[in-house]
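[1] here is my input, please return the structure:
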Amino acid sequence: MRKALVTIVVVLAGALALAQEPIKIGCLLEFTGGCAAYGKMAQQGLVMVRELGLVPLEVLGRPIELVYFDARTDPVEAATGATRLIEVEKVVAIIGTMCSGPYLAAAEIVQAAGVPMIGPSVTNPLATQVGDYCFRACFKDDDQALVLAALALDYFGAKTAAVVIDVAQAYCVGLGKYFIEAFEALGGKVVAELYCRTGDVDYTAQLTEIQRVNPDIIFTPNYYTEVAMMARQARDLGLTQPILGTDGLFAPELLWIGGAAVEGIRFTTFWHPDAATTELGRLYAERYKEYYGRIADADGALAVDAYLLIVDAIKRAGSADPKAIKDALQTADIEGVTGRIVMTPQGDPVRDFCVLRVENGQFVYTTTITASEAEEIKARVKKKG
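    Below you'll find the predicted structure:
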């Protein structure tokens, strides 16, 4: 009898210990390097919602612990971080990375290990094609390029465009390629396809060529630092063409570095507080402004949505097993900060597109291109193609 009681006590103690053991979610984010702003914004969003209790802090009766690792905007470091988070920290899922190059490297690791990873703002179409453990919380670049090409033609009335692409970043190269294809398929003409590299500070050669061909619009699918530097030099040279950019520009650093030169720039992005469509999105925007003293950004909001997707998957699966989480993620349908997120089995959610402009040193919401409207643009491209 005593032996039986001891056995029961041991079993109960073990069950209690398991129930109290935290469920670890990795956060593989860029805190240094060319995309450091995105990683920091993601962390700020996650820290705030957890401190204010805007998201669940436990699931299945166990606390949720976030484990951070700096991906350094570097594919090699991202792969190293994914390995450490899985093998040493024993995370059951990973939020990250924010940029496509590091994500593609880490994706090979998580797919082989069978641990799901959600890239909050990873837009490269190849990201989720690595395997079924790879997900994103945002739209894809091929779809974003269609919207941008239509904006250039329909809104700006541009018949010609010059494109400046950062060849050091997979994100920039892919998006530049998709834009060129879409713009020309819709009837526009790219009169100059020019290149730069992350960290460049002199854009004289590219801008001189743009000045020579005199396009109606300048499209640059690059990150905030390079676009801000180029814009300053373009305006100094007297170039007055509209500049059209992408989701990589929604960072305060664009305004700090670019100053008056980035006034009027328009770009597509994932979300803006003035475009909030859910109760959580409106609450997040309000609390963020109170907490940080500035408007909420899209990257932090998407990181929170990635967190919510993982927690929801664990809850619906009734398990913290990585495979069970992966299976549940493929059928996710939640109301997140950035809107309703309906995941496809391919790991690509159906999303809308926000259009912002820089006005008086602020990011101002202009309009939303819905997912159905984007499909109509795609149909136009196919018809003309």
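[2] care to break the protein down by domain?
    Partitioning the chain according to automatic domain parsing yields domains covering residues 2-139+277-342, 141-269+353-384.
[3] just the strands in the stretch 251-385 of the chain please.
    Taking DSSP state E, counting those that start in this stretch as the criterion, the stretch 251-385 of the chain carries its strands at 266-269, 333-336, 339-342, 353-359, 362-369.
[4] again with the stretch 101-250 of the chain
    117-119, 134-136, 160-166, 189-196, 217-219, 243-245.
[5] and these as JSON lines, adding mean neighbour count, distance to Gly101 and mean pLDDT?
    (Glycine included, C-beta is placed from N, CA and C.) As requested, the strands of the stretch 101-250 of the chain are arranged in JSON lines below (neighbours: other CB atoms under 10 Å; distance: least, CB to CB, whole Å; pLDDT from 0 to 100):
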{"stretch": "strand 117-119", "mean neighbour count": "32", "distance to Gly101": "11", "mean pLDDT": "98"}
{"stretch": "strand 134-136", "mean neighbour count": "27", "distance to Gly101": "14", "mean pLDDT": "98"}
{"stretch": "strand 160-166", "mean neighbour count": "24", "distance to Gly101": "11", "mean pLDDT": "98"}
{"stretch": "strand 189-196", "mean neighbour count": "17", "distance to Gly101": "16", "mean pLDDT": "98"}
{"stretch": "strand 217-219", "mean neighbour count": "27", "distance to Gly101": "20", "mean pLDDT": "98"}
{"stretch": "strand 243-245", "mean neighbour count": "26", "distance to Gly101": "18", "mean pLDDT": "98"}
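[6] hang on, the earlier thing: from the strands of the stretch 251-385 of the chain, which stretch is densest packed?
    The highest average neighbour count among these, using mean count of other CB atoms under 10 Å, belongs to strand 266-269 at a mean of 24.
[7] could the strands of the stretch 251-385 of the chain go into TSV alongside distance to Val381 and mean pLDDT?
    Compiled in TSV, those are given as follows (distance: least, CB to CB, whole Å; pLDDT from 0 to 100):
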stretch	distance to Val381	mean pLDDT
strand 266-269	16	98
strand 333-336	28	98
strand 339-342	23	96
strand 353-359	15	98
strand 362-369	14	96
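[8] can you list the ones you listed in JSON lines and add distance to Leu194?
    Written out in JSON lines, the entries for the strands of the stretch 251-385 of the chain read as follows (distance: least, CB to CB, whole Å):
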{"stretch": "strand 266-269", "distance to Leu194": "19"}
{"stretch": "strand 333-336", "distance to Leu194": "37"}
{"stretch": "strand 339-342", "distance to Leu194": "35"}
{"stretch": "strand 353-359", "distance to Leu194": "22"}
{"stretch": "strand 362-369", "distance to Leu194": "26"}
